[in-house]
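> Quick one: sequence and predicted model below, then my questions.
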Amino acid sequence: MGGGQLQVKADPNLTPLLDIVLQLLMFFMMCVNFISEQVNQTIVLPQSQSALPIDKSKVDVIFLNLTADGKVLIVGEEPKDLEQMEGWLTDKYRFAQRVAGTTGPINTAVVIRAHRDADYRMIYHLLRYCSASGYTDLRLRALTFNPLGV
Amino acid sequence: MLRRRRATAEHGPEVELPITPMLDMAFQLLFFFILSYRPSAREGQIETTLPSTAATRKIGEEDRDPLATTGEKVPEADVPVQLTIMATTRNGHDLSQITVQGISDAVKAKLKVDPALAKLDLAPGKNLEVADLDQLSLLLDKLHMSEQMGVKQKIVLEPSGGLKVDRVVDLMDVCRKAGFKSITYGVPLDGR
């Protein structure tokens, strides 16, 4: 019998490591949100202590993003001036009525995401146009209050 | 050796799956999703209404809570049913003046005895002015009496057109914190 050196080959077991990596991967895949609900990330919302959790029961929702300089951003549309919104909202309401086959009120919510530096008069006019067009369910969005300020 | 070859031949060749490339790809994907993960601030909603076209109706008219259990007739002068809060600003962000309308002299007389409101000018026949949101909060706490009186109280906010939304929401928060549920947006103070 020869006195040859014993070579020990040690292979790390990669299977548990792969399990953990796939777990983490699945977590981040669930968290990513490519289509962020028709909201515009440039709009910085005001903070409100009395903001309620979002009611997602309404299926038909129109999102209006109001910038600090009074432009209204709607997904899939050109930025609009406030004055153009009256006509746009009226047309949208009438179209929705035609689709629903009714001349009565339609079940659509209008969510207004106004930049915190927008003027009050802009919000007022936008709400007035929505109300004049026939929309009754109007909602303002705000950030829920974070006492840590983070 | 012959026995091992026979055993291998009986059970088939041992297949080893190379996990290392798979782990590499999993790490690549993981880094991508970690970098694209952006925790967003939580959004909430504020119910919003404009005053109805019948806003010019007299204060107190149709404001009684139909479910009020009290059988007593509440004297209108004792309960501020509709309050109008007007707020002006110099630069859009700072509130320079906050005025509260809709408080009768009888209610002011009751508020005068409250030491917490000693700094307020509760002279009869004048609109009530408050210095800041903290004073407004104190005042509204005293004025909120919907549950006691069975009356639906409303607040109409009429800030200057140039006041920023941030501050308008602060005003609204003060009103809601005091217990007022019916808060509407009025015409901007300095016209449309």
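All right, it came through fine. Numbers count the residues shown, from 1 in each chain, chains lettered A, B, ... in the order given.
> Could you use CA atoms for every contact and neighbour count after this?
OK.
> what's the neighbour count on residue 27?
Picking chain A for this. Residue A:27 is flanked by 14 other residues according to other CA atoms under 10 Å in any protein chain shown.
> try chain B instead
Residues near residue B:27, counting by other CA under 10 Å, number 17.
> which ones are touching it?
By CA atoms under 8 Å, 6 or more residues apart in numbering or on different chains, residue B:27 lies in contact with residue A:21.
> is it fair to say it lies in a helix?
Yes. Counting by DSSP: H, G, I helix; E, B strand; the rest coil, residue B:27 falls inside a helix.
> distance of it from residue B:33?
10 Å (CA to CA, to the nearest Å).
> tell me which element the residue positioned nearest the centre of chain B falls in.
The centroid of chain B falls nearest to residue B:173 when counting by CA atoms, centre = their mean (4.3 Å). Using DSSP states H and E, residue B:173 maps to helix B:165-177.
> Can you give me the neighbour number for residue B:29?
Neighbours of residue B:29 (other CA under 10 Å): 18.
> my guess is it contacts residue A:25, does it?
Yes. Residue B:29 is within contact range of residue A:25, at 7.1 Å (criterion: CA atoms under 8 Å).
> which stretches of the chain have low pLDDT?
No chain was given, so I picked chain A. Scanning chain A for pLDDT under 70 picks out A:1-6, A:33-40, A:58, A:146-150.
> Not quite, go with chain B.
Scanning chain B for pLDDT under 70 picks out B:1-11, B:40-41, B:51-78, B:146-150, B:191-192.
> beta partners for residue B:84?
Assessed by DSSP bridges, residue B:84 has beta-bridge partners residue B:101, residue B:156.
> Residue A:141 and residue A:115 touch, don't they?
No. Taking CA under 8 Å as the definition, residue A:141 is not a contact partner of residue A:115, at 9.7 Å.
> Now do the shared contacts for those two.
residue A:45.
> Okay, strands next: where are they in chain B?
B:43-48, B:82-89, B:95-101, B:128-130, B:154-159, B:182-185 (DSSP state E).
> quick one, the longest strand seen in chain A and strand B:43-48 angle?
Secondary structure of chain A read by DSSP E shows that its longest strand is strand A:137-144. Strand A:137-144 and strand B:43-48 meet at an angle of 140 degrees, taking axes from the mean of the first three to the mean of the last three CA atoms, to 10 degrees as the criterion.
> Strand A:137-144 pairs with which strands, and in what direction?
strand A:47-48 (parallel), strand A:109-114 (parallel), strand B:43-48 (antiparallel).
> Dump the ones you listed to CSV, plus mean neighbour count.
Shown next, in CSV, are the strands paired with strand A:137-144 (neighbours: other CA atoms under 10 Å in any protein chain shown):
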stretch, mean neighbour count
strand A:47-48, 24
strand A:109-114, 22
strand B:43-48, 20
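> Out of those strands, flag the one nearest residue A:94.
Closest to residue A:94 of the strands paired with strand A:137-144 is strand A:109-114 (CA to CA; 14.6 Å).
> Show me what the closest one is in contact with.
So strand A:109-114 is contacted by A:43-46, A:58, A:60-68, A:123, A:130, A:135-142, B:165 (CA under 8 Å, 6+ apart).
> Buried among the residues you listed? Need that as a selection in ChimeraX.
Buried members of the contacts of strand A:109-114, defined by 16 or more other CA atoms under 10 Å in any protein chain shown, are picked up in ChimeraX with:
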select /A:43,44,45,46,61,62,63,64,65,66,67,68,123,130,135,136,137,138,139,140,141,142 /B:165
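> How about stretch B:125-143 and chain A, any contact?
No. Using CA under 8 Å from any CA of the partner chain, stretch B:125-143 stays clear of chain A, with a minimum separation of 13.8 Å.
> Please identify the buried residues of that stretch?
Result for stretch B:125-143 [16+ other CA under 10 Å]: buried residues B:128, B:129, B:130, B:133, B:135, B:136, B:137, B:139, B:140, B:141, B:143.
> How about stretch B:181-192?
In stretch B:181-192, counting by 16+ other CA under 10 Å, buried: B:181, B:182, B:183, B:184, B:185, B:186, B:187, B:188, B:189.
> That stretch and chain A in contact?
Yes. With CA under 8 Å from any CA as the criterion, chain A is reached by stretch B:181-192 at B:185, B:186, B:187, B:188, B:192.
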